[in-house]
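Q: Sharing a model prediction with you, sequence too.
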Amino acid sequence: AAEPTKAEKKEFTYSTMTMCYPQLGAESDWRTANTASFKETAGELGVRLIFSDAQQKQENQISAMRACIQQGVDIIALPPVVEDGWDAVLQEAKDAGIPVIIVDRSVKADKSMYAAHIGSNMVQEGEKAGNEMNKLLPDGGKIVELSGTTGSGAATGRAEGFRKTLNKNIEIIDSQTGNFTRAEGKPVMEAFLKKYGKDIKGAFIHNDDMAIGAIEAIKAAGFKPGDIKIVSVDGTRGGFQAMVDGWVQADVECNPLLGPQTMELALNILNGKPFDAETLTKEEVYYPDKAAELLPSRKY
Ligand code: GYE
């Protein structure tokens, strides 16, 4: 069949667009805020959003995507739980003529397999965290790492950036995943404390939820705020509260409120308008001194 002429092409508006959002889970406050951002933005703009929750399992995300492809959605926005293993389903979307926007975490797939990526630079977040740890432990020392979901772009990038920046006199003596949850953050820190006790001078924790879990363990072991220097990521209200209480010394912001930008991007892609293949979110580092003042205005 001949290519449709411009006049025949359907012009999308927010209210005629159907977006599939196979969310990866509900593991953290970051994720809850991200879900709310997509749902609220869709509601405000009149976008039809097909939402699902994959409970941190890639196979669930893939089946949700397949169901969306079958329904003939206009566009898919995918926050991938892990980086690998997306080729087949991305190809299926491509064959069906459905553009895919990768949201938040990255995928390891050829750039021709998706239209655009929007999210944070996770390596940069790790670098910022490394700089903070350097400042907190000027004389060096032993630290532990509580990392995010294994194989996720967020965990891999943060770990890489952190190691790149960390001073030579600071040694990461152990690193375990806590899957970005409070529930898993606590026992991982408990085990670290049992094994290394007072040797631990600092902890790089890949998100605020795991930090909150870890702090429970640190408190229970009899440590005082600041005994173990904690650098965390996300900048959620829970993270800010932990700074107010003295447990977290620096929080690297990661912005989950990606709904508005993603929907605008989607419309541009669908209407053949110019768009950025890579959109990075602007993020800061927060410290205890301003935490109390900023806490009430935090949106997540
Ligand atoms: O830091 C964490 C969430 O991918 C950036 O996932 C996201 C991370 C975020 O569970 O809290």
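A: Looks like it arrived, so ask away. Everything numeric here is computed off the predicted structure, so don't read it as measured data.
Q: What is the burial count for Asp289?
A: 8 (other Cβ atoms under 10 Å). Glycine gets a C-beta too; all of them are placed from N, C-alpha and C.
Q: Need the three-state assignment for it.
A: Classification of Asp289 using DSSP: H, G, I helix; E, B strand; the rest coil returns helix.
Q: ok, it to Val244 distance?
A: Asp289 sits 10 Å away from Val244, going by Cβ to Cβ, to the nearest Å.
Q: Contacts only, for Ala203.
A: Under the criterion of Cβ atoms under 8 Å, 6 or more residues apart in numbering, the contact list for Ala203 reads 143-146, 189, 192, 214, 228-231.
Q: So which elements touch the helix or strand harbouring Val89?
A: In the assignment (DSSP states H and E), Val89 maps to helix 87-95. Where contact means 3 or more Cβ pairs under 8 Å, 6 or more residues apart in numbering; DSSP states H and E, helix 87-95 is packed against helix 58-71, strand 100-103.
Q: right, so those: which one is the most enclosed?
A: Compared across those, strand 100-103 shows the largest average neighbour count, a mean of 25 (mean count of other Cβ atoms under 10 Å).
Q: Would you mind identifying the next helix or strand past it?
A: On the C-terminal side of strand 100-103, the closest following helix or strand by DSSP H and E is strand 116-119.
Q: Counting only strands, which of the contacts of Ala203 make the cut?
A: Under the assignment DSSP state E, the contacts of Ala203 contribute 143-146, 229-231 to strands.
Q: Is Phe180 in a helix, a strand, or coil?
A: Phe180 ends up coil, using three-state DSSP.
Q: Can you list phi and psi of it for me?
A: Main-chain torsions, Phe180, degrees, to the nearest 10: phi 70, psi 20.
Q: Sketch out the low-pLDDT regions of the stretch 1-150 of the chain for me.
A: 1-8 (pLDDT under 70).
Q: how about the residues of it near the ligand?
A: 27-28, 30-31, 104-105, 120 (Cβ under 6 Å from any ligand atom).
Q: what's the angle between the helix holding Val89 and helix 58-71?
A: Counting by axes from the mean of the first three to the mean of the last three Cα atoms, to 10 degrees, helix 87-95 lies at 20 degrees to helix 58-71.
Q: Please point out which parts of helix 87-95 sit buried.
A: Going by neighbour count (16 or more other Cβ atoms under 10 Å), the buried part of helix 87-95 is 89-90, 93-94.
Q: how close does Thr16 get to Arg48?
A: From Thr16 to Arg48 the distance is 9 Å (Cβ to Cβ).
Q: which residues touch the closest residue to the ligand within the stretch 201-300 of the chain?
A: Closest approach between the stretch 201-300 of the chain and the ligand, counting by Cβ to the nearest ligand atom: Asn207, at 3.5 Å. Going by Cβ under 8 Å, 6+ apart, Asn207 touches 28, 30, 148, 154, 180, 232-234, 254.
Q: all helices of this protein, in order?
A: 29-45, 58-71, 87-95, 122-136, 153-165, 182-196, 208-220, 237-244, 259-270, 288-294 (DSSP state H).
Q: can you put the residues of the stretch 1-150 of the chain next to the ligand in TSV and add neighbour count?
A: Shown next, in TSV, are these (neighbours: other Cβ atoms under 10 Å):
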residue	neighbour count
Glu27	23
Ser28	24
Trp30	24
Arg31	24
Asp104	27
Arg105	24
Ser120	25
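Q: okay, those residues in JSON lines with distance to Phe240 next?
A: Formatted as JSON lines, these follow (distance: Cβ to Cβ, whole Å):
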{"residue": "Glu27", "distance to Phe240": "19"}
{"residue": "Ser28", "distance to Phe240": "15"}
{"residue": "Trp30", "distance to Phe240": "13"}
{"residue": "Arg31", "distance to Phe240": "17"}
{"residue": "Asp104", "distance to Phe240": "21"}
{"residue": "Arg105", "distance to Phe240": "23"}
{"residue": "Ser120", "distance to Phe240": "18"}
